[in-house]
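Asks: Got a predicted model here, sequence first, then my questions.
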Amino acid sequence: MIHRRSTMNINENRLVLFVDQDLSLCETVSEFLTSNGFSVIVAHDGKNAESLLYSENPRIVITEINTPNHSGLELLTENKEKFRDTEFIIITSSPDIDSALKSIHNGAFDYLIKPIQM
């Protein structure tokens, strides 16, 4: 489940960037979000995700923490200040306290553990 803060006005821009290597998960999440009124773009590595972040300016970025070429945590820490209106949600199948604290400390909206319940 994706938690929403009351300050997050998702009606302004309903574009989501979903970043994960798992093609099946990307398809499932894309279908779920699309059926709930969001537009979705997908990247399978961090460099492609960063390129899409700059070119498409999504409102929400949901990223696996361990993406190739550029981690989800790097994507967050290097871009949160530049994209203040973008909410970053970190997902992982290998949770640990250190990555959770770093994610939240660096501005992640949420830190979710796979499998994601929708």
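Replies: Good, I have the coordinates.

Asks: From Thr77, how far out is the closest residue to Val40 other than its chain neighbours?
Replies: Nearest non-adjacent residue to Val40, counting by CB to CB, 6 or more residues apart in numbering: Ser30, 4.4 Å away. In short, each C-beta sits where N, CA and C put it, glycine included. From Ser30 across to Thr77, the span is 25 Å (CB to CB, to the nearest Å).

Asks: just to revisit the earlier point, which element follows the host helix or strand of the residue nearest to Val40 toward the C-terminus?
Replies: Per DSSP states H and E, Ser30 falls inside helix 23-35. Downstream of helix 23-35, the first helix or strand assigned by DSSP H and E is strand 39-43.

Asks: which residues sit against that following strand?
Replies: 14-20, 26, 29-30, 33-34, 49, 51-52, 56, 58 (CB atoms under 8 Å, 6 or more residues apart in numbering).

Asks: counting contacts, what elements does the helix or strand that comes right after that strand pack onto?
Replies: Downstream of strand 39-43, the first helix or strand assigned by DSSP H and E is helix 46-56. Applying 3 or more CB pairs under 8 Å, 6 or more residues apart in numbering; DSSP states H and E, we find helix 46-56 packed against strand 15-19, strand 39-43, strand 60-64, helix 72-79.
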